Every structure is written in C-alpha cells, then in structure tokens.
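Student: missing the sequence, but the structure's below:
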C-alpha cells in the first residue's frame, strides 16, 4: 500500500477555502486517491475519490496532478461544521489503510 | 436505507474480563471490516471479511481477539481476556464488492471500550 503524508493540523475561518495537500510518492498504478472525513464520536465518512486530474462533488474538489505523487483536497467556504479530521488514502481493491489524518479546525 | 449498526455504543469492563461487539452491515454488502481506533490516531484495520471468509486478519492479535461472520451477514468481534491497552473505539465498516477498486466504505458509529 502506498504511504500517504499529510499535515497534522490546519486552522481556518468560516467562509475561507481550505486546501489539504497529501503526498503519496510511491503510489501504485491501480491506486485511487480517496478522502474520508471523521467527526468526533463518529466513524469516518467517504468524501471524494479520484484517479487523476480534477474531481468535484457537492462537498469538495480533489486535484491530482499528472504524476499522481500528490493530491489536494479543497473545501470551499468552510463553516464551523467542517471541523473534523480528514484522511487521505491510496486505495487499491478493498484495502483501506488510514494514517493519522489532518485535523481541520474552523473558527468563527 | 439503514447504515452500519453497531452495538453496544459504550462498554466499560474490568481487565481480564471478556467483551464482545456486534456489527450489522448494510444489506447486500459483501465486505466487512473491523477497525480499532486509539485516541488521536487513525483507524487501524483488524480484520476484513469477504462474505464469511476472513481474507485479511494479519493485524488481529489472535491470542486474545477473535471474530466471526456467520452466514456472511452480521459479525461479532470478541476480546478475551481484555487488557488495559485494549481501551479504544472499535469501528465496523462495510462495502459492496461490486464497486471494484472504487471502494466506498460505510462506517458505523463505533463501540467505545474502556478497560479499567
């Protein structure tokens, strides 16, 4: 499984855009970049997944450059309720390996 | 549609006692995962099932942990005897194998175990 590296924490304010970069230098050809979100006292929740270029859904955007050695999760106009831990995973088949994630704190 | 259901939500036991956690996955999901999450860390995989077969249990401490998924539906994770270091949140997740590599796993709310 490809190892992913992401910042431990990030602070932001309501209404700002939050960008979390994940490094995955040894990503495999079959790996998909997948992001999960976890609120306190809840299990992780799937946010978005992509292989390369850009993917956008109602929650976030995911940017993956051509070399696929890194990716950026973008959360537009965050609110207090976006305070959570965000995990970047390189998913191949059904293996889901979580690191420590990035704790995003949104302040008023 | 009901999500992944876990019980109990909380459990406090004394060390050396046995404990069991139960998980009911989303209907039709072939793949079932058990994870353990320590405070401030990401979830750590304990075991993964494909239907009733345990296909990845390399991280399961087999001296005290056991799991079963009879009939390929709900699952039970057991610890016997529990140690202080087993205090953690135990998460169950499920996914549909029909998705191939684009796996979206759905997690339950977890069982918070405290061993005293």
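Tutor: That came through fine. What you are looking at is a predicted structure, and each value in this text was computed from that prediction instead of being measured.

Student: mind listing what's buried along stretch B:22-42?
Tutor: B:23-26, B:29-37, B:42 (16 or more other CB atoms under 10 Å in any protein chain shown). Backbone N, C-alpha and C define where each C-beta goes, glycine included.

Student: same thing with stretch A:66-76?
Tutor: Quick answer for stretch A:66-76 (16+ other CB under 10 Å): A:68, A:70-75.

Student: could you do stretch A:15-27 as well?
Tutor: In stretch A:15-27, counting by 16+ other CB under 10 Å, buried: A:18, A:20-22, A:24, A:27.

Student: check those residues and tell me the two furthest apart.
Tutor: The span of the buried residues of stretch A:15-27, defined through CB to CB, is set by A:18 and A:27 at 22.8 Å.

Student: name the residue of chain A that lies nearest to chain B.
Tutor: residue A:43 (2.8 Å; CB to the nearest CB).

Student: from the contact counts, what lies against the helix or strand that contains residue B:45?
Tutor: Element membership for residue B:45, per DSSP states H and E: strand B:44-50. In terms of contacts (3 or more CB pairs under 8 Å, 6 or more residues apart in numbering or on different chains; DSSP states H and E), strand B:44-50 is packed against strand B:31-37, strand B:53-56, strand B:65-68, strand B:75-79.

Student: rerun at 6 Å
Tutor: Using 3 or more CB pairs under 6 Å, 6 or more residues apart in numbering or on different chains; DSSP states H and E, the elements in contact with strand B:44-50 are strand B:31-37, strand B:53-56.

Student: which one of the ones you listed has the lowest average pLDDT?
Tutor: With a mean of 92, strand B:53-56 has the lowest mean pLDDT of the helices and strands packed on strand B:44-50.

Student: parallel or antiparallel, list what pairs with it.
Tutor: According to DSSP bridges, strand B:53-56 has the following sheet partners: strand B:44-50 (antiparallel).
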